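# no sequence on this one, just coordinates:
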């Protein structure tokens with residue numbers, strides 16, 4: 001387990017101590033809970049990966065296939081006879 005040091009303005013620390021007392025806990029416990037919650041949130045990368053996986057699953061679920069597309073030769077004919 002790691003220890004950290006946090007510097008706060010006196011008034012912020014005083015109010016945090018009052019809030020901790022109201023919740024029957026410590027300032028350290030409040031900070032620890034906040035950081036645990038923060039670290040447990042989905043990162044931007046994880047969110048984007050999840051969204052990508054959802055889109056791909058929808059595409060596959062609809063039976064998407066590229067096999068019915070034009071061949072490479074047909075695609076590049078461009079009306080030249």
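On my side now, so go ahead. Just so it is clear, the structure is predicted and the values come from calculations on it, not from any experiment.
# Please report how far residue 58 lies from residue 52.
Note on residue 58: its distance to residue 52, by Cβ to Cβ, to the nearest Å, is 11 Å. C-beta: built from backbone N, CA, C; applies to glycine.
# mind listing what's buried in stretch 31-44?
Within stretch 31-44, no residue is scored as buried using 16 or more other Cβ atoms under 10 Å.
# Tell me how many other residues crowd residue 53.
Other residues near residue 53 number 10, with proximity taken as other Cβ atoms under 10 Å.
# likewise residue 23?
By other Cβ under 10 Å, 11 other residues sit near residue 23.
# what's the answer for residue 63, then?
By other Cβ under 10 Å, neighbour count at residue 63 equals 6.
# Need the three-state assignment for it.
Applying DSSP: H, G, I helix; E, B strand; the rest coil to residue 63 yields a three-state assignment of coil.
# now it: how far from residue 77?
In this structure, residue 63 and residue 77 are separated by 28 Å, where distance is defined by Cβ to Cβ.
# Check residue 49 too.
Applying Cβ to Cβ, one obtains 39 Å for the distance of residue 49 from residue 77.
# Ends of stretch 4-18, what's the gap?
21 Å (Cα to Cα, to the nearest Å).
# Also stretch 36-48?
The first residue of stretch 36-48 is 22 Å away from its last residue (Cα to Cα).
# got the contact list for it?
Stretch 36-48 is contacted by residues residue 50 when judged by Cβ atoms under 8 Å, 6 or more residues apart in numbering.
# after the helix or strand encompassing residue 14 comes which helix or strand?
Applying DSSP states H and E as the criterion places residue 14 in helix 10-22. Toward the C-terminal end, the helix or strand that comes next after helix 10-22 (DSSP H and E) is helix 27-39.
# relative to helix 10-22, how tilted is that next one?
Angular relation of helix 27-39 and helix 10-22 on a 0 to 180 degree scale: 90 degrees, by axes from the mean of the first three to the mean of the last three Cα atoms, to 10 degrees.
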